[in-house]
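Engineer: what's the 3D shape of this:
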Amino acid sequence: MLKPTLFKKFLFPSLLIALGPLLAVSVLLYTGLEQVRDHLAQEVARTADRQVSETLQNRARQVAESITHFLRERENDLRFLSRFSHDRQMLLGFYAVSRREIWQIRNGREERRQIPLYRSIALIGPDGRERLVVRDGEPVPATALRDVSRPEQTEFKTETYFRDIRRLKPGEIYVSRVTGFHVTTPEQQAGRQFEGVIRFGMPLFRADGRFDGALILSLDHRHLMEFSQHIDPGPGYSFVEPSYESANYAFLFDDEGWIITHPKYWDLRGLDANGRLVPPYSARSSREDIETGRIPFNLDHAGFIHPNYPRVAEAVRQHRVGSVETTNVGRSRKIMAYAPIIYDTGTYRRHGIFGGVTIGLQMDQYYEQSSSGSRLINRQLRQFRYRSAWIMTLTALLAALAAWRLARGIIKPIQKLNQEAHRLAAGDAASPIAVSGSDELAQLTETFNHMARELEERRLNLLSTLEQLQQSRRDILDERNFKESILESISSAILTFDTGGRLTSTNSTAHSFLGRTWPLGSHYATVFSAWEGVPARVARALSEGSGYGREPLKLRRDSGIRHFDLGIFPIGPEGSQGLTVTLRDETIREKLREETIRLDRLASLGRLAAGISHEIRNPLTGVTLLLDDLHDRAALAREDREMLGRAMAEIERVERLVASLLSFASPPQAEFRMGRLDETVQEVALLLKRSCRRQQIELITDCRRLEPFPFDPDKIRQAVLNLLKNALEAMPDGGRLTLSLQEEEQQAVLRVADTGSGIAEADLPLLFEPFFTRKGASTGLGLSITRRIIEEHGGSIVAENRSAGGACFTVRLPMTPGRQQ
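Structural biologist: Next up is the predicted model:
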């Protein structure tokens, strides 16, 4: 007896399905018609695509030819004007009549107006100085003329057109690239225009063949913009301003790949405020440059946006016309046709082109024009599909009848398998299914039971493994948080770099030292760009595996000189995994060390001065008495008396020096009492009014009224008097002495400023040192005693040169009680 196998259960329904040959014929016929339709649609689309592409290329070629003609006309203008270059009225008249229409939106209204072709016309002498410049229809005043032989005095800081023109032979013409200051995104949004020029220049020669200067025509960049600004590649009409988002716009680029006309001014080739060329947009451009629009576009560097941009630039340099598919920065897909601007004058002789014209058409519009033929074919085939649908419906009914017959034999076992599979999927253990029979369905049931047992065992194993993984994850997170806490608590900056020099980790102290937060992946040369010597050490450690260890680092910052301890250590054997760079701020420790040395030196000097002063004073007293006795004797001649008088005067000067030394070595203790500093300063100024009038010095006092605070009036008078006397000595031929007093942040700030010759920069660090002086008869202790008095009051004194001439001493005294030493 034959077994009721699954094959036998499917045999009879399959025979029923085979009785529907009409269905098979209908399907074959439908498939054939679809293939014919697709083939016809492709042919129509290819023809339309070729027509659209050729149309765009022809328009690009026409614009390129117009620009070539336009540039040649500017050369003709230059040659014509060179014959009358010395005629002032001719230059003014030529500027006035050389105009061309531009079409733009101003103040929200569309406007067409005539503007001058040239930003300026300049006649330059053989020495590089401008003789005559016409700008805005008027000659530039003689006081505003510049020496353009010096690039820093040119309009854009670094132009060398005079030097280049001087090298030309008679009849040759100089043509610059588009030159202008770069316009960022916020600046264009605020209404700023790109004010660029193309300079056409020609050398002038005398009758004897000597160089006689140059004639410069500076073409206004807006006229070049007119060639691409109003092109609409779609419907075929012009518009006043293109829509960048639609991708339907044109732009020009020069022979080096720089974009020179574009709806976005920040894409144009431009210079920074110092006249340096702004780097092109590239994959390495910083986020800050991208957000602010400091990203001029160069096709040779734009392959990261779409690889066809560099190919277009190279094709134009080879004088080829064509079209490619690209994506712009805004991610709009478009077809871009291009054509070269044939031009070989001056700088552009290298490739024989001025640049290229591109016209972009959005892909949606491009395909819209090529899909109309497909729609026509679809309409013709739609009726046939309706008729075929009736045949397919009948065939489907026959298939449904056959499926019903097939399902009757296998539905119950399949339902049982489905129920158990759902339970298994829900996470419950599946119950074994009873197996009856020996056909393929029975074998499938047995296989399912085996699979359910295996899945249950593996589920239990997975749960155990998952618990172990979760515990490991918690351990790893705890260890990572512990290490991060340690790094953040360290007062030193810690940075790590991989073997390629890219930043991999930092701590918060590093952000404080570097002045900003550098993103991970930044190169060490960028991170340490303001740290002199550090990039070179890191580079040596990465490339040579040497230079590890610590060394002191001294840097000059706006706040003064800062001292650091720099450490470079390898990660892994011989730096195979990168480097660790550490920075520790040693500025406070270094200043304390220097202050300790200075105090030790002053203490030693004080002891030495006190000892010498006591030893010198007693013999000086005896010598003085003896000389005084000799001076009073009548038997001495007049010349001898004069010599004795001079000797006594010199001894008195020595005694004053000894007294100063004793005052410096053993100053009296300050006696602080409440008082008004402004009144004390006014008293000192009153004492010196007569001396100021005698030296023809204008004394200006601006002492604000201050609240009383504790200080030693006698010592403050001595300190202020020393500063004022020094100022008088600095102005032997008269001048102006300014004395000001005011309160700043709970401090009394006293400034003494003169209009003398100032202080030599080399003397500023030594100014308050004992015995330092540039005056022959001075002790050199006045400013040293003054600083001691100020520091005794818990204040500070600073000397600096004024930009207008002279010196200024600034004294700061704390006004809060308890601050004095």
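Engineer: Only C-alpha atoms from now on, for both contacts and neighbour counts.
Structural biologist: Fine.
Engineer: which one is Pro280 nearest to, not counting chain neighbours?
Structural biologist: Nearest in space to Pro280, with sequence neighbours left out and distances taken as CA to CA, 6 or more residues apart in numbering, is Pro296 at 5.0 Å.
Engineer: That neighbour and Asp272 touch, don't they?
Structural biologist: No. Taking contact to mean CA atoms under 8 Å, the distance of 11.2 Å between Pro296 and Asp272 leaves them out of contact.
Engineer: Show me whatever sits in contact with both of these two.
Structural biologist: Where contact means CA atoms under 8 Å, 6 or more residues apart in numbering, the residues bridging Pro296 and Asp272 through contact with each are Val278.
Engineer: Which residues are in contact with the residue nearest to Pro280?
Structural biologist: Shown here is Pro296, whose contacts under the criterion CA under 8 Å, 6+ apart are Trp258, Ile259, Trp266, Asp267, Leu268, Arg269, Gly270, Val278, Pro279, Pro280, Tyr281.
Engineer: Include pLDDT when you put the residues you listed into JSON lines, please.
Structural biologist: Listed next are these as JSON lines, based on pLDDT from 0 to 100:
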{"residue": "Trp258", "pLDDT": "97"}
{"residue": "Ile259", "pLDDT": "96"}
{"residue": "Trp266", "pLDDT": "93"}
{"residue": "Asp267", "pLDDT": "93"}
{"residue": "Leu268", "pLDDT": "95"}
{"residue": "Arg269", "pLDDT": "96"}
{"residue": "Gly270", "pLDDT": "95"}
{"residue": "Val278", "pLDDT": "96"}
{"residue": "Pro279", "pLDDT": "95"}
{"residue": "Pro280", "pLDDT": "95"}
{"residue": "Tyr281", "pLDDT": "94"}
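Engineer: Give me the subset of the residues you listed lying in helices.
Structural biologist: In helices, defined here by DSSP state H, there are no members of these.
Engineer: Would you reformat the residues you listed as CSV and include neighbour count?
Structural biologist: Formatted as CSV, those follow (neighbours: other CA atoms under 10 Å):
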residue, neighbour count
Trp258, 24
Ile259, 25
Trp266, 23
Asp267, 24
Leu268, 32
Arg269, 29
Gly270, 32
Val278, 17
Pro279, 16
Pro280, 22
Tyr281, 22
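Engineer: out of those, who's nearest Thr773?
Structural biologist: Using CA to CA, Val278 is the member of the contacts of Pro296 that sits closest to Thr773, with 51.2 Å.
Engineer: looking at it, the closest one is touching Trp266, isn't it?
Structural biologist: No. With contact defined as CA under 8 Å, Val278 does not reach Trp266; the gap is 10.5 Å.
Engineer: hey, what's in contact with both of the two?
Structural biologist: His182, Arg294, Ile295, Pro296.
Engineer: residues in contact with the residue lying closest to the first one once chain neighbours are set aside?
Structural biologist: What it means is His182. Counting by CA to CA, 6+ apart, Gly270 is the residue found nearest to His182 once chain neighbours are left out, at 4.1 Å. Residues touching Gly270, when contacts are defined by CA under 8 Å, 6+ apart, comprise Thr179, Gly180, Phe181, His182, Val183, Leu277, Val278, Pro296.
Engineer: can you list the contacts of Pro296 in TSV and add distance to Gly356?
Structural biologist: Output for the contacts of Pro296, formatted as TSV (distance: CA to CA, whole Å):
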residue	distance to Gly356
Trp258	10
Ile259	9
Trp266	19
Asp267	16
Leu268	14
Arg269	14
Gly270	18
Val278	21
Pro279	21
Pro280	18
Tyr281	19
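Engineer: Can you tell me what sits against stretch 548-555?
Structural biologist: Outside of stretch 548-555, the residues that reach it under the criterion CA under 8 Å, 6+ apart are 531-532, 541, 561-570.
Engineer: Of these, which qualify as buried by neighbour count?
Structural biologist: Listed as buried from the contacts of stretch 548-555 are Ala541, Arg562, His563, Phe564, Asp565, Leu566, Gly567, Ile568, Phe569, Pro570; burial here means 16 or more other CA atoms under 10 Å.
Engineer: so what's Thr31 scoring on pLDDT?
Structural biologist: For Thr31, the pLDDT comes out at 70.
Engineer: Check Ala536 too.
Structural biologist: The model reports Ala536 with a pLDDT of 82.
Engineer: Convert the C-alpha atoms of the strand or helix carrying it to CSV, please.
Structural biologist: Mapping Ala536 onto the secondary structure by DSSP states H and E places it in helix 534-544. Below are the C-alpha coordinates for helix 534-544, written out as CSV (Å, rounded to 0.1, in the frame of the first residue of the first chain):
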residue,chain,number,x,y,z
VAL,A,534,56.1,72.3,21.8
PRO,A,535,55.1,71.2,18.3
ALA,A,536,58.7,70.5,17.4
ARG,A,537,59.3,68.4,20.5
VAL,A,538,56.1,66.4,19.9
ALA,A,539,57.1,65.9,16.3
ARG,A,540,60.5,64.6,17.2
ALA,A,541,59.1,62.3,19.8
LEU,A,542,56.6,60.8,17.3
SER,A,543,59.0,60.5,14.3
GLU,A,544,62.3,59.6,16.1
